[in-house]
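[1] Coordinates only, no sequence provided:
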């Protein structure tokens, strides 16, 4: 069952990444010039993405308690997942530019590495 949870976690990660990434790596202007993306990540974006990752991690960690016989764990995990889904939608509406979405993806992946797994 551990493998299933890892697939669930990976699936959530892929969904969020696909949700936020656009194909273009730089924006074209009318006269053919290119606008290079900034490598500066907004602090508020970073904090909000870390909150989203935290909710995903909590959902996965609570789901592990189902194996231990905790009958309420599934409901709690779903509650965290719903909060994460709501936040992800808000972030998609707030950060609409390709640059912001790329920053979102970068921060999300970095925060995901620090997702605490409870044993």
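    In hand now; what should we look at? Computed from a prediction, not measured in an experiment: that's the story for all the values here.

[2] Could I get the average pLDDT for stretch 104-117?
    Stretch 104-117 comes out with an average pLDDT of 85.

[3] got it, and stretch 70-84?
    91.

[4] what's near enough to touch residue 73?
    62, 63, 64, 65, 66 (CB atoms under 8 Å, 6 or more residues apart in numbering). Placement of C-beta: from N, CA and C, glycine included.

[5] rerun at 6 Å
    The neighbourhood of residue 73, defined by CB atoms under 6 Å, 6 or more residues apart in numbering, consists of 62, 65, 66.

[6] neighbours around the residue nearest to it when sequence neighbours are not counted, how many?
    In space, and not counting its chain neighbours, residue 73 is closest to residue 65: 3.9 Å by CB to CB, 6 or more residues apart in numbering. When neighbours are counted by other CB atoms under 10 Å, residue 65 registers 16.

[7] Likewise for residue 80?
    A total of 19 residues lie near residue 80 under the criterion other CB under 10 Å.

[8] which residue ranges form the strands in this structure?
    27-28, 34-35 (DSSP state E).

[9] Next step: the contacts of residue 73 restricted to helices.
    Counting by DSSP state H, the part of the contacts of residue 73 found in helices is residue 62.

[10] What is the burial count for residue 82?
    Neighbours of residue 82 under the rule other CB under 10 Å: 12.

[11] That one and residue 72, how far apart?
    Using CB to CB, to the nearest Å, residue 82 is found at 15 Å from residue 72.

[12] re the thing from before, among the strands of the chain, show the one with the smallest mean pLDDT.
    When I compare the strands of the chain, strand 27-28 is least confident, with a mean of 42.
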